[in-house]
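Q: the sequence and its predicted three-dimensional model are supplied below.
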Amino acid sequence: MMQASVSGNPAAVAAKRKLSSDFFKKGIVIALLSGFLYGLYAAFMTLGMSVGIWEHWYGEDSGLSVFAVFYLLAAIGAATTDTCSAAWALSIAAIRGRIGDFVRTIKTKPGLVMVCGALIGGPLASTAFVVGLQQAGGIVVPISALCPAVGAILARFLFKQQLNARMMLGIAICITASFMIGLTGLEEEAPPGLMIGIFFGFIAAVCWGIEGCVCGYGTSLIDPEVGITIRQVTAGMSNLIILVPLFGMISGADTFGMLGQSFTDGYAMIWFALAGLSAYLTFMFWYKGNAMCGAALGMSCNGTFSFWGPFCVWILLGVIMGFEGWGMPPIAWLAAIIMVVGIFTISMNPLDLFKKKEHV
């Protein structure tokens with residue numbers, strides 16, 4: 001009855017369309033903001049791992065083995081960031097009165113699915129991403145942005161989802177962009193660990209692509225805010241109690257002492273805390289944007305971190321802090337933009353953005 005009265009009132013119909021249009025546009029802004037926040041997360045975390053005790057650990061007189069410098073420090077950096085993010089998530093959930101929902105949901109099947117996805121995207125993807133950043137710099141960010149392409153391919157085999165010609169074109173564009181980034185290894189100014197860093201960037205992309213497939217099921221059945229809290233807490237705890245001790249045993253380093261130093265280094269922790277908050281917000285805005293403007297467009301807008309990641313790293317570490325080696329050659333910037341185009345093509349038909357839609 002109410003629907004009929006609204007349909008018969010031109011002013012009400014126009015008002016409803018305007019509200020729907022505003023809601024849709026706001027969703028796009030939020031989804032785009034999630035991509036920018038991901039860039040801040042990468043920049044703040046990298047800066048935190050470049051100052052204070054970290055500067056000593058990466059120095060020649062640290063006494064750490066090559067394995068410890070290469071893997072253990074990356075795991076500690078990821079664990080510190082994810083733990084900060086988990087602390088932000090739990091604090092916000094407590095303020096909003098959602099801790100009870102968090103405890104109840106984590107015991108359910110969708111909650112356990114989120115835990116499994118976080119185990120892949122937390123210890124594995126985050127550590128690989130940090131290794132890549134430390135070895136190759138901000139150039140690794142657009143490589144890790146291949147995760148939507150990986151997710152589309154995996155969804156085809158795991159969930160029998162459609163992989164049409166447009167999506168295959170988008171995947172080809174992303175692969176071309178990653179190949180362009182690989183070509184920077186032929187340039188003289190390329191960092192010495194470029195190819196190793198790119199390899200670990202691919203590992204991160206694969207792990208995050210798997211996580212996207214797995215968590216897509218979980219977040220479709222539970223509240224996104226609760227799901228993100230589960231994800232961040234699982235990632236932080238699994239890094240602390242699984243990956244860091246494992247690498248510590250292999251390297252023979254004083255793992256618990258190093259963790260204590262990492263969490264008590266006041267200057268570095270400022271940046272890790274900001275990185276953790278950015279990580280929490282980027283997931284929150286990503287899921288919220290998806291709900292407001294659609295998963296396809298939301299995923300595409302979030303994929304702009306392919307550009308924002310290296311940009312924020314370059315601005316914060318290279319320009320503001322004056323650290324050397326954080327710039328990117330022109331071909332890499334071009335490849336990052338092409339990667340964004342590829343992600344849009346995978347997620348949706350870019351031509352739809354230019355079509356006039358009615359929101360009813």
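A: Yep, that arrived. Here the structure is a predicted model, which means the values were calculated and not measured.
Q: which stretches of the stretch 251-360 of the chain form helices?
A: With helices called from DSSP state H, counting those that start in this stretch, the stretch 251-360 of the chain shows them at 255-264, 266-293, 295-302, 305-313, 330-347.
Q: again, but for the stretch 101-250 of the chain
A: Going by DSSP H, counting those that start in this stretch, the stretch 101-250 of the chain shows helices at 109-119, 127-136, 140-144, 147-158, 165-183, 194-219, 224-238, 244-251.
Q: mind putting the helices of the stretch 251-360 of the chain in a markdown table, mean neighbour count included?
A: (C-beta placed from N, C-alpha, C; glycine too.) Shown next, in a markdown table, are the helices of the stretch 251-360 of the chain (neighbours: other C-beta atoms under 10 Å):
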| stretch | mean neighbour count |
| --- | --- |
| helix 255-264 | 16 |
| helix 266-293 | 21 |
| helix 295-302 | 24 |
| helix 305-313 | 26 |
| helix 330-347 | 21 |
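Q: next, the spatially most central residue of the chain: phi, psi?
A: For the chain, the residue nearest the mean C-alpha position is Tyr38 (5.7 Å; C-alpha atoms, centre = their mean). In terms of degrees, to the nearest 10, the main-chain angles of Tyr38 are phi -60, psi -40.
Q: and for it, nearest residue in space, chain neighbours not counted?
A: Phe305 (3.8 Å; C-beta to C-beta, 6 or more residues apart in numbering).
Q: residue contacts, Gly138?
A: Ala42, Thr46, Gly309, Pro310, Phe311, Cys312, Val313, Trp314, Trp326, Met328 (C-beta atoms under 8 Å, 6 or more residues apart in numbering).
Q: then Met328?
A: Taking C-beta under 8 Å, 6+ apart, we find Met328 in contact with Gly137, Gly138, Ile139, Thr184, Pro310, Trp314, Ala336.
Q: still on that earlier bit, wait, isn't the residue nearest to the centre of the chain in contact with Pro310?
A: No - Tyr38 sits out of contact with Pro310 when judged by C-beta atoms under 8 Å, with a separation of 11.3 Å.
Q: thinking again about what came up before, among the helices of the stretch 251-360 of the chain, which is nearest Arg104?
A: helix 266-293 (19.3 Å; C-beta to C-beta).
Q: please compute how far that closest one lies from its chain's middle.
A: Relative to its parent chain, helix 266-293 has a centroid offset of 9 Å by C-alpha atoms, centre = their mean, to the nearest Å.
Q: tell me the helices and strands packed up against it.
A: Here helix 266-293 touches helix 10-48, helix 73-95, helix 224-238, helix 255-264, helix 295-302, going by 3 or more C-beta pairs under 8 Å, 6 or more residues apart in numbering; DSSP states H and E.
Q: where in the protein is the helix or strand with the lowest mean pLDDT?
A: Least confident helix or strand, the chain: helix 2-7 with a mean of 50, by mean pLDDT, DSSP states H and E.
Q: tell me the one among the contacts of Met328 nearest to Gln261.
A: Nearest to Gln261 among these, with distances taken as C-beta to C-beta, is Gly137, at 24.7 Å.
Q: what about the closest one, distance to Gly309?
A: 11 Å (C-beta to C-beta, to the nearest Å).
Q: do Gly266 as well
A: Counting by C-beta to C-beta, the gap from Gly266 to Gly309 is 26 Å.
Q: now do stretch 334-352, average pLDDT.
A: Averaging pLDDT along stretch 334-352 gives 74.
Q: can you give the contact residues for stretch 66-81?
A: 41, 45, 48-49, 54, 57-58, 62, 64, 122-123, 126-131, 134, 236, 239-240, 243-244, 247-248, 250-253, 255, 258-259, 262-263, 269, 272, 275-276, 279.
Q: now do that stretch, average pLDDT.
A: 90.
Q: in space, what's closest to Leu37 - neighbours in sequence excluded?
A: Nearest non-adjacent residue to Leu37, counting by C-beta to C-beta, 6+ apart: Thr282, 4.0 Å away.
Q: whoops, Leu112 was the one
A: Ile106 (7.5 Å).
Q: residue contacts, that neighbour?
A: Leu112, Met114, Val115, Ile230.
Q: doesn't Thr229 make contact with the third one?
A: Looking back up the chat, that one is Val115. No - if you go by C-beta under 8 Å, Val115 and Thr229 don't touch, sitting 11.6 Å apart.
Q: which of the two has more neighbours?
A: For the pair Val115 and Thr229, the greater number of neighbours falls to Thr229 (28 against 21), based on other C-beta atoms under 10 Å.
Q: Ser91 is in contact with that one, correct?
A: No - counting by C-beta under 8 Å, no contact exists between Thr229 and Ser91, whose distance comes to 10.1 Å.
Q: quick one: buried residues of stretch 226-241?
A: 226-240 (16 or more other C-beta atoms under 10 Å).
Q: Trp286: which of those is nearest?
A: Ile228 (9.0 Å).
Q: give me the spatial nearest neighbour of that closest one, chain neighbours excluded.
A: Phe283 (4.8 Å).
Q: same deal with Gly111?
A: Per C-beta to C-beta, 6+ apart, closest to Gly111 is Thr105, 4.5 Å.
Q: quick one: the one you found and Gly227, what's the gap?
A: From Thr105 to Gly227 the distance is 8 Å (C-beta to C-beta).
Q: again with Phe67
A: 35 Å.
Q: got it, and Cys301?
A: 19 Å.
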